[in-house]
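> coords below, sequence missing:
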């Protein structure tokens, strides 16, 4: 499949992670469209494409994609929206919430995010499969508490049932082996994380040690391998 | 001349001679701008910033919790929204309003009822209300804007709040309760109390089953003392700060004019709070009611409807609260207050089911 991978700073780890994968493990043709922070919010629908409206984003997209100036939906079989403020839902195990409260929370987790806005734009011009990868969970050291990922998985199922499936999209988990304490990314995957390269002076710059939100290249490789296995 | 001197000597030795300035109207009030009036509260307890403080009661109690949070005190929150719920969502579903999702506890008898359920001295009745396909909790009829999807869900939600209320009693160091109303509605046959008259927010009014009571001093006092005793049994370290809501009644069923009914209600509540605080060293009274309602403040802190308290009034009340602590115990939370200075000013909107009664008078 030819897949457009669209995202903000978080796709840095995926892009570099893809480059680390052995050639026989790269089962799909990935084209990355990245720009830092919220700047992809400016993408507009023009014909059958998402088009940048500023030079900065146009340059970032061209740099990350290897020369593409827009995301033409007819050129791809599927789309992955990665990061872009998408969040998992971690339902607390020891509290009861009404179905209305849960429904409102699931909506709050999605609405207004960059991934929401981009998903709506894509859905306006294509029926092809759209996958989403949420922002990696904040990194933390493993503690002695529960390591169960069941609540995380249950939360993703709830989000998919209520929000993503009705839009013909699917929210994917981060690899479960990267999860610690049931609600965090193992801190080993945030060490050595780098910024997304878009052709400026900050390309591939190491994030500060205190940055627990961005993951490293190894995480990116694992994420893609995990996803490819699911696609197969 | 000799007579005059004698009088002066006498006056300097009378009980008023050594009183501080705050004891005299002229220096404490008449000679000052209303914004310079101070020492309105001499707290009994030092509230350490880390000490968990539970807040419950009438509409005005909500401001106390927010003020504690904004000044980095430890506002105890035993029932929180799910992670990821927006602030707007949390507000709509009545999270982060009080320390648990009891909704407004307007009367001391309702406080006693919740306390009794939380500590296992009683259990909630089976009564539930239904509107269309949705179920409503008679004891928190507006807690979810569209009720619950099933009876089982309504009951589970109530179990959750009872568990959280118990956690507040057991874990708080201070329990702040704002007394709001004397007018109350009871189930005539079973004796339990509703926070709102059945048939207003939800449910159906039945004059054979539902009884109005405008509680007097002794009823209010004994219910409050019962609640305090039960809570102290569960948590012997718990101390109490009482306040009286300055917010007038939305409507009265007392057959009196609503203004007269308001004055009655607030006078009773104020007297009870004062007496209980005076008689019990573990109970304090904070004069939020006076700060808003005293003629000295000329009604400046009310919204144009003369009912809602404006943000300036709320801020002034809470400034007096924290200034009282500083005056008595020194500026022990300066660091917290510095942080508070950069906290974004939150919009203060009350969640006040009682206001819904106003709808029934709208056409008049």
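Arrived safely. The structure displayed is predicted, hence computed values, not measured ones. Numbering: from 1, shown residues only, chains lettered A, B, ... in the order given.
> going forward, measure contacts and count neighbours with C-alpha atoms only.
OK.
> now the helices for the stretch 1-150 of chain B?
With DSSP state H, counting those that start in this stretch as the criterion, the stretch 1-150 of chain B has helices at B:2-12, B:25, B:61-70, B:87-92, B:108-118.
> meant to ask about chain A, not that
A:11-20, A:55-65, A:99-110, A:114-123, A:150-159, A:217-231 (DSSP state H).
> among the ones you listed, which is the most enclosed?
helix A:11-20 (a mean of 22; mean count of other CA atoms under 10 Å in any protein chain shown).
> which other helices and strands contact it?
Helix A:11-20 sits against strand A:29-34, helix A:217-231, with contacts defined as 3 or more CA pairs under 8 Å, 6 or more residues apart in numbering or on different chains; DSSP states H and E.
> closest to chain B out of these?
Minimum separation from chain B across the helices and strands packed on helix A:11-20 (CA to the nearest CA) falls at helix A:217-231, 23.3 Å.
> figure out how far that closest one is from the centre of its chain.
When C-alpha coordinates are averaged (CA atoms, centre = their mean, to the nearest Å), helix A:217-231 and its chain have centres 12 Å apart.
> what's the angle between it and helix A:11-20?
Using axes from the mean of the first three to the mean of the last three CA atoms, to 10 degrees, the direction of helix A:217-231 lies 80 degrees away from that of helix A:11-20.
> so who does residue 181 touch?
Defaulting to chain A. A:142-149 (CA atoms under 8 Å, 6 or more residues apart in numbering or on different chains).
> right idea, wrong chain: chain B
B:58, B:106-107, B:249, B:265-266, B:269.
> what separation do you get for the spatially most central residue of chain A and chain B?
For chain A, the residue nearest the mean C-alpha position is residue A:82 (1.8 Å; CA atoms, centre = their mean). According to CA to the nearest CA, to the nearest Å, residue A:82 stands 19 Å off from chain B.
> what ranges do the strands span in chain B?
In chain B, the strands defined using DSSP state E lie at B:53-57, B:129-131, B:134-136, B:174-179, B:183-187, B:193-194, B:210-214, B:239-244, B:283-285.
> mean pLDDT and distance to residue B:90 added to those, as a markdown table?
Below are those laid out as a markdown table (pLDDT from 0 to 100; distance: least, CA to CA, whole Å):
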| stretch | mean pLDDT | distance to residue B:90 |
| --- | --- | --- |
| strand B:53-57 | 98 | 17 |
| strand B:129-131 | 96 | 23 |
| strand B:134-136 | 98 | 19 |
| strand B:174-179 | 98 | 22 |
| strand B:183-187 | 98 | 28 |
| strand B:193-194 | 98 | 24 |
| strand B:210-214 | 98 | 32 |
| strand B:239-244 | 98 | 25 |
| strand B:283-285 | 98 | 30 |
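> select, out of these, the one closest to residue A:157.
Among the strands of chain B, strand B:134-136 comes nearest to residue A:157, with 25.6 Å by CA to CA.
> among the contacts of residue A:181, which are in reach of chain B?
Near chain B, taking CA under 8 Å from any CA of the partner chain as the test, no member of those is found.
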